[in-house]
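**Student:** sequence? don't have it. structure:
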């Protein structure tokens, strides 16, 4: 019993001592892995991805990815500086890469390493659509979502150890039952909502970033309408998904767009780039 309490106490202490406040959300978040550890690993993974895929350079699409990425990065720095977070991006090593692939995907690693796949460009449709995607993916990095997911995974493992210890006197069959119940409960009750929360946060932050960068935030909802059409309606129920449903996301983006425009006005942005 004492050992069980010790594990629980250790877990509580770890959580308390490993929280950090994120400037984009003003929330205390798990940070069991520091950026000093995370960034070099992310940069190495990024280089490996580039080495294993065909990188497109010198085309109008490749130049657009870089142009939009740079504008989003500048918008992020302007927002951070205005809120008293000078130097927050000092360790970021921004890089924007277009990769030839049919995958409908784009991502930003911790530390600012960004990849767009050519397969997502027809859905983006235009530079503003690219900005909506870019803002969302960069927001994941700026809000330290990768760090939080790694930290959450570590806590889930610690919880699994606790369950194993707590049921150590049970039969092997009952212990397996408890472990399966914990795995299912922690996934549906913690991991998936945690991930959906990250997506919703990234939608909001990304919308603000694209607006401050001079791109019309109204187009983010239009982008996700195209995403929905491209998926053909094939999606798991929202409570079993790592992402909000397309309809939830579209409704949320439509509601946030006027607020994003108000935010952009604080930085002198009163009109947006033409959609072409």
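**Tutor:** Cool, the structure landed. Fair warning: this is a prediction, and the values are worked out from it, not measured in the lab.
**Student:** residue ranges with poor pLDDT in the stretch 1-150 of the chain?
**Tutor:** Applying pLDDT under 70 to the stretch 1-150 of the chain flags residues 1-22, 25-34, 145-150.
**Student:** wait, residue 42 touches residue 110, no?
**Tutor:** Yes. Here residue 42 lies in contact with residue 110, judged by CB atoms under 8 Å, at a distance of 4.6 Å. C-beta coordinates here come from the backbone N, C-alpha and C atoms, glycine included.
**Student:** looking at these two, which is more packed in?
**Tutor:** residue 110 (24 against 20; other CB atoms under 10 Å).
**Student:** let me know the helix or strand that residue 260 is in.
**Tutor:** Using DSSP states H and E, residue 260 sits in helix 246-265.
**Student:** again, but for residue 98
**Tutor:** Here residue 98 is assigned to strand 95-99, by DSSP H and E.
**Student:** show me what the next helix or strand after that strand is packed up against.
**Tutor:** Later in the chain than strand 95-99, the nearest helix or strand by DSSP H and E is strand 106-109. Judged by 3 or more CB pairs under 8 Å, 6 or more residues apart in numbering; DSSP states H and E, strand 106-109 is in contact with helix 35-52, strand 113-117, helix 127-142.
**Student:** adding distance to residue 252, write these out as a markdown table.
**Tutor:** Below are the helices and strands packed on strand 106-109 laid out as a markdown table (distance: least, CB to CB, whole Å):
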| stretch | distance to residue 252 |
| --- | --- |
| helix 35-52 | 28 |
| strand 113-117 | 23 |
| helix 127-142 | 12 |
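**Student:** winner for burial among the ones you listed?
**Tutor:** helix 127-142 (a mean of 26; mean count of other CB atoms under 10 Å).
**Student:** show me what that one is packed against.
**Tutor:** So helix 127-142, by 3+ CB pairs under 8 Å, 6+ apart, packs with helix 60-82, strand 106-109, strand 113-117, helix 121-124, helix 192-212, helix 218-231.
**Student:** between it and helix 218-231, how many degrees?
**Tutor:** Relative orientation of helix 127-142 and helix 218-231, computed by axes from the mean of the first three to the mean of the last three CA atoms, to 10 degrees: 90 degrees.
**Student:** quick one, helix 127-142 and strand 113-117 angle?
**Tutor:** Put simply, helix 127-142 runs at 140 degrees to strand 113-117, going by the same axes, to 10 degrees.
**Student:** when you give positions from now on, start the count at 338
**Tutor:** Yep, numbering from 338; the last one is helix 464-479 now.
**Student:** contacts only, for residue 438.
**Tutor:** Contacts for residue 438 (CB atoms under 8 Å, 6 or more residues apart in numbering) come out as 390-391, 454-456.
**Student:** quick check: mean pLDDT across the helix holding residue 597?
**Tutor:** What helix 583-602 shows for mean pLDDT is 93.
**Student:** I'm done for today, thanks for sticking with me.
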